[in-house]
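**Student:** Return a 3D structure for these sequence lines:
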Amino acid sequence: MLKKMMILAAGAIAGVVLMLTSAGCGLPDNAAASVEGVIITKDDVQHRIDITSVLFPTEVPEDRESQEFIDYRNNVTKQLVSEEMEKQEAEKRDIVVTPDEIEESLTIYIEDKYFGNVEKMEEAFAEQGISVDDLRAEIERDLRHQKLLDAIHEETTITDEEVAAFYEENKGKYIYPEKRQVRQIVVADEASAQAAVARVAAGEEFADVAAEVSRDGATASKGGLVGLVSKEQLPADISQVAFSLGRGEVSQPFQSGPGWYVLKVEIITPPSNKTLDDLKDELSYYMRNQKFAQHWKDYSAELWETYDIKYADGYQPPEPETETATTNNPGAPAVN
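**Tutor:** Reported below is the predicted structural model:
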């Protein structure tokens, strides 16, 4: 139900970190950063680190004097900046997290983690130096983030024309060829193949004969089952025979490479093409989610660029590593 507390990179915003204003300009001594004049104190940063060190001790570097810890602390500062930006954005959009919503989520958390035992949770939190109000604050941040995501998702629309254009571009992926479920018997010579055909004609099950006499190790143990395959999935000479048979029909022996084959077709699935009408709802859902992901990324980047953010000296987040540019082209969704 709850996201992992104090993750240093929350959602997509953390993936769009940019270097911001000059560090430390006009900030009070106790400030680590500010967002549009709202101060994030050094105590706020330390409080978040203290809670994280209890709940997720392996995330916090042990050596508090190391550069690793300083980078960690400054990333925590960046995270608090991100959360304050989201808070201010939510206020602009009249997004409100009500006390009832917080208590409802808290109740679910207690049910999931402590089987509804409030006293047990409070005892566990007290032992770890965490208050229930700390948990409520995390719930509120989580709910606010989700509501902001929902608001951006609502603003993301896909038109029928966009869906139609996408379908035309990708419709080759929605053409399904004829497939056949094939069994085979593979033996060394024509006489053995003819003997196998005779046994099947006399009433023995094809699968039983294949399991007994076929020399193809990959299929003999499965009663000669090759599987449900298209014409292109079989060698040309074998597919020519397999796709000339009717359902339930057994072929005459034929040679392919060093072996002699007998085939049986058990199932035939006819070719089918998924039309735009067949796929419209599914493609619209897929395309909207893809568009939303980009919309959220762009929106997040804009926040970092336009908000007045200052960092105190020594609290600036480390520069993000340069990433190799890649083309985000997930292609068309597979449809069964």
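
**Student:** buried ones in the lengthiest helix in the chain?
**Tutor:** Criterion DSSP state H: the longest helix present in the chain is helix 276-306. Residues of helix 276-306 classed as buried: 279, 283-284, 286-288, 290, 292, 295-296, 299-301, 303-304 (neighbour count, 16 or more other CB atoms under 10 Å). No exception for glycine: its C-beta is placed from N, CA and C like everyone else's.

**Student:** cool, and stretch 135-150?
**Tutor:** 135-136, 138-145, 147-148.

**Student:** For the stretch 1-150 of the chain, which segments are assigned as strands?
**Tutor:** Under the criterion DSSP state E, counting those that start in this stretch, strands of the stretch 1-150 of the chain are mapped to 31-35, 38-41.

**Student:** Show me where the stretch 1-150 of the chain has its helices.
**Tutor:** Secondary structure of the stretch 1-150 of the chain by DSSP state H, counting those that start in this stretch: the helices cover 42-55, 67-92, 99-114, 118-128, 132-154.

**Student:** By neighbour count, which bits of the shortest one are buried? Give me those.
**Tutor:** Applying a neighbour-count criterion of 16+ other CB under 10 Å, the buried positions in helix 118-128 are 121, 125.

**Student:** separation between V118 and Q290?
**Tutor:** In this view, V118 and Q290 are 43 Å apart by CB to CB, to the nearest Å.

**Student:** before we move on, the earlier item: now, of the strands of the stretch 1-150 of the chain, which is deepest in the fold?
**Tutor:** Greatest average neighbour count among the strands of the stretch 1-150 of the chain goes to strand 31-35 (a mean of 23), per mean count of other CB atoms under 10 Å.

**Student:** Next, the angle helix 42-55 makes with that strand.
**Tutor:** Relative orientation of strand 31-35 and helix 42-55, computed by axes from the mean of the first three to the mean of the last three CA atoms, to 10 degrees: 100 degrees.

**Student:** can you list contacts of strand 31-35?
**Tutor:** With contacts defined as CB atoms under 8 Å, 6 or more residues apart in numbering, strand 31-35 is touched by 27, 39-42, 44-45, 77, 80-81, 84-85, 88, 307-312, 315.

**Student:** ok and that strand relative to helix 67-92, angle-wise?
**Tutor:** 30 degrees.

**Student:** Adjacent strands (with direction) for strand 31-35?
**Tutor:** strand 38-41 (antiparallel), strand 309-311 (antiparallel) (DSSP bridges).

**Student:** before we move on, the earlier item: tell me the one of the buried residues of helix 276-306 nearest D160?
**Tutor:** Of all these, D160 sits closest to S284, with 8.2 Å by CB to CB.

**Student:** looking at it, that closest one is touching A164, isn't it?
**Tutor:** No. Taking CB atoms under 8 Å as the definition, S284 is not a contact partner of A164, at 10.4 Å.

**Student:** Give me the residue ranges of the chain where confidence is low.
**Tutor:** Across the chain, the ranges flagged by pLDDT under 70 are 1-25, 320-336.

**Student:** So which residues make contact with the lengthiest strand in it?
**Tutor:** Longest strand in the chain, counting residues (DSSP state E): strand 259-269. By CB under 8 Å, 6+ apart, the residues outside strand 259-269 that reach it are 178-190, 192-193, 196-197, 200, 206, 215-216, 224, 228, 238, 241-242, 245-255.

**Student:** Take the strands of the stretch 1-150 of the chain and lay them out in CSV including distance to E154.
**Tutor:** Listed next are the strands of the stretch 1-150 of the chain as CSV, based on distance: least, CB to CB, whole Å:
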stretch, distance to E154
strand 31-35, 25
strand 38-41, 27
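
**Student:** out of the ones you listed, nearest to Y174?
**Tutor:** Checking the strands of the stretch 1-150 of the chain against Y174 by CB to CB gives strand 31-35 as the closest, at 47.4 Å.

**Student:** ok so, going back, for the strands paired with strand 31-35, give me CSV that also has distance to S105.
**Tutor:** As requested, these are arranged in CSV below (distance: least, CB to CB, whole Å):
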stretch, distance to S105
strand 38-41, 24
strand 309-311, 29
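
**Student:** Nearest to L234, out of those?
**Tutor:** With CB to CB, the closest approach to L234 among the strands paired with strand 31-35 belongs to strand 309-311: 62.3 Å.

**Student:** Can you give me the buried ones in that closest one?
**Tutor:** Using 16+ other CB under 10 Å as the test for burial, strand 309-311 gives 309-311.

**Student:** again, but for stretch 266-278
**Tutor:** K274.
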